[in-house]
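with the input below, show me the fold.
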Amino acid sequence: MPSGDETSRGRRVLLAAPRGYCAGVDRAVVTVEKALELYGPPVYVRKEIVHNKHVVRTLERRGAIFVDQTGEVPEGARVIFSAHGVSPAVHAEAKALSLQTIDATCPLVTKVHREAVRFADQDYDILLVGHEGHEEVEGTAGEAPEHITLVESPADVDHVEVRDPEKVVWLSQTTLSVDETMETVRRLREKFPLLQDPPSDDICYATQNRQVAVKQMASDCDLMIVVGSQNSSNSKRLVEVALEYGSRDGHLVDYADELEEGWLEGVTTVGVTSGASVPEILVRDVLDWLAERGYQDVSAVTAAEETLLFSLPTEIRRDLKAAGQEATKVQHDPGSIPSGREDSLR
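You can find the predicted model right below:
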């Protein structure tokens with residue numbers, strides 16, 4: 001009968017870095033936490049502050065109330081707009097209800113909004129690469145609805161029409177698959193040779209970095225576990241990227257208790273990463289679950305170093321200062337080896 005050490009010999013975990021919270025998500029979550037501290041519950045939040053089940057449940061327990069529509073917020077109450085951004089129509093609706101608004105839109109999403117406004121002012125047709133119904137897409141499209149056409153995939157390109165092929169530009173949702181977006185743009189450029197690029201890359205640095213790490217790991221992994229929620233676009237893309245780049249199997253889970261023993265059959269190497277809206281504690285739970293089953297050797301695969309910092313929204317900084325508290329920029333941990341596992345690095 002082999003010992004525990006013998007049965008686990010050769011089993012390992014490749015842990016992606018960076019992973020988890022990006023600067024924009026960290027800023028949005030801290031915004032809700034600080035609002036609850038400053039003003040007390042309830043604090044209303046329009047839509048999920050970020051697309052993660054655990055984060056939403058945790059904030060709900062502290063007194064945050066999440067609503068789908070602005071009209072659900074009582075007149076005159078305080079409401080926070082999610083990291084995904086909102087359209088001008090939502091801002092107008094909030095003003096009509098005399099709501100006290102705090103805008104936690106990720107600054108990188110705000111950048112895309114500004115690009116949409118600028119190109120619309122110049123009378124361009126804007127081809128927005130993204131997923132219909134996603135809050136970020138709804139917010140961006142709402143900036144210039146008469147100028148924006150949504151393109152969901154390369155297959156949609158044949159049906160795209162513009163007024164003037166010489167005045168057309170593409171923008172994108174920030175959380176897409178880099179590869180699929182570039183394929184869509186390639187197809188668009190074949191149809192519209194004078195298609196202009198955005199002034200800077202729209203796809204979020206964190207989305208790109210997490211996908212690059214998975215690409216580096218995937219061919220060495222029999223199984224890729226991505227921690228994230230089903231409504232998280234960037235988390236779902238990580239599973240797709242893993243399978244495309246050579247992982248034999250891949251699954252998206254919110255919590256470690258969703259993992260299945262059967263997934264480990266014949267598996268030597270497990271890759272682990274998490275979407276940009278996932279707190280690190282959920283990754284640690286997955287690593288503990290794997291360690292209990294013999295996967296104790298954890299090695300980091302580092303694709304990039306992330307040092308970007310975002311200031312909290314103006315309203316929060318103002319009221320923190322009035323309360324005598326320092327409003328520092330948000331610092332997030334982009335994915336180190338969890339404490340206690342450093343000695344397993346090779």
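
what's the burial count for Thr110?
Neighbourhood size, Thr110 [other Cβ atoms under 10 Å]: 15. Every residue, glycine included, has its C-beta placed from N, CA and C.

next one: Ala322
Ala322 has 9 nearby residues by other Cβ under 10 Å.

one more: Pro165?
Using other Cβ under 10 Å, Pro165 is surrounded by 13 other residues.

where does the nearest residue to it once chain neighbours are set aside fall, phi/psi-wise?
With sequence-adjacent residues excluded and distances taken as Cβ to Cβ, 6 or more residues apart in numbering, Pro165 is closest to Phe192, at 5.0 Å. Per-residue torsions, Phe192: phi -130, psi 90 (degrees, to the nearest 10).

against Val168, how distant is Phe192?
5 Å (Cβ to Cβ, to the nearest Å).

can I assume Val79 sits in a strand?
Yes - judged by DSSP: H, G, I helix; E, B strand; the rest coil, Val79 forms part of a strand.

now it: how far from Lys34?
Look at Val79 and Lys34: by Cβ to Cβ, they are 15 Å apart.

look up how far Val272 lies from Gly250.
Taken as Cβ to Cβ, the span from Gly250 to Val272 is 11 Å.

who touches both of those two?
224-225 (Cβ atoms under 8 Å, 6 or more residues apart in numbering).

tell me what the longest helix along the chain is packed against?
What stands out as the longest helix in the chain, according to DSSP state H, is helix 23-39. Using 3 or more Cβ pairs under 8 Å, 6 or more residues apart in numbering; DSSP states H and E, the elements in contact with helix 23-39 are strand 43-46, helix 53-62, strand 78-81, helix 107-121, helix 314-322.

for it, give me every contacting residue.
21, 43, 45, 49-50, 55, 59, 62-64, 78, 80, 82-83, 102, 104, 106-109, 204, 206, 276-277, 306, 308-313, 316, 319-320, 323, 330-332.

can you pull the contacts of Tyr124?
147, 167-169, 196.

how does it look with 6 Å?
By Cβ atoms under 6 Å, 6 or more residues apart in numbering, the contact list for Tyr124 reads 167, 169.

and the pLDDT at it?
With respect to pLDDT, Tyr124 scores 98.

how near is it to Asp222?
47 Å.

do Gly271 as well
Applying Cβ to Cβ to Gly271 and Asp222 gives a distance of 9 Å.

neighbour count winner among the two?
Set side by side, Gly271 and Asp222 show more neighbours around Gly271, with 27 against 16, by other Cβ under 10 Å.

which residues does the more buried one contact?
Counting by Cβ under 6 Å, 6+ apart, Gly271 has contacts 14, 217, 221, 224.

doesn't it belong to a helix?
No - under three-state DSSP, Gly271 sits outside any helix and is assigned strand.

mind listing the residues bridging to it?
Gly271 forms beta bridges with Leu14, Met224, as assigned by DSSP bridges.

in TSV, list the helices and strands packed on helix 23-39 along with mean pLDDT.
Shown next, in TSV, are these (pLDDT from 0 to 100):
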stretch	mean pLDDT
strand 43-46	98
helix 53-62	98
strand 78-81	98
helix 107-121	97
helix 314-322	95
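
now those as CSV including distance to Lys236?
Output for these, formatted as CSV (distance: least, Cβ to Cβ, whole Å):
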stretch, distance to Lys236
strand 43-46, 22
helix 53-62, 14
strand 78-81, 23
helix 107-121, 18
helix 314-322, 30
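
please identify the deepest-packed of these.
strand 43-46 (a mean of 24; mean count of other Cβ atoms under 10 Å).

so what touches that one?
When contacts are defined by Cβ under 6 Å, 6+ apart, strand 43-46 is touched by residues 35-36, 64-67, 70, 73, 77-81.

what about 10 Å?
The contact list for strand 43-46 (Cβ atoms under 10 Å, 6 or more residues apart in numbering) reads 28, 31-37, 56, 59-60, 62-70, 72-74, 77-82, 84, 86, 90, 93-94, 99-102, 104, 135.

what lines up beside it in the sheet?
Counting by DSSP bridges, strand 43-46 is paired with strand 64-67 (parallel), strand 78-81 (parallel).

name the residues of the first one that come out as buried.
When neighbours are counted by 16 or more other Cβ atoms under 10 Å, the buried residues of strand 64-67 are found to be 64-66.

which ones are touching Val160?
Val160 is in contact with 125, 127, 149-151, 168, 187-188, 191-192, counting by Cβ under 10 Å, 6+ apart.

in strands only, show me the residues you listed.
125, 127, 149-151, 168 (DSSP state E).
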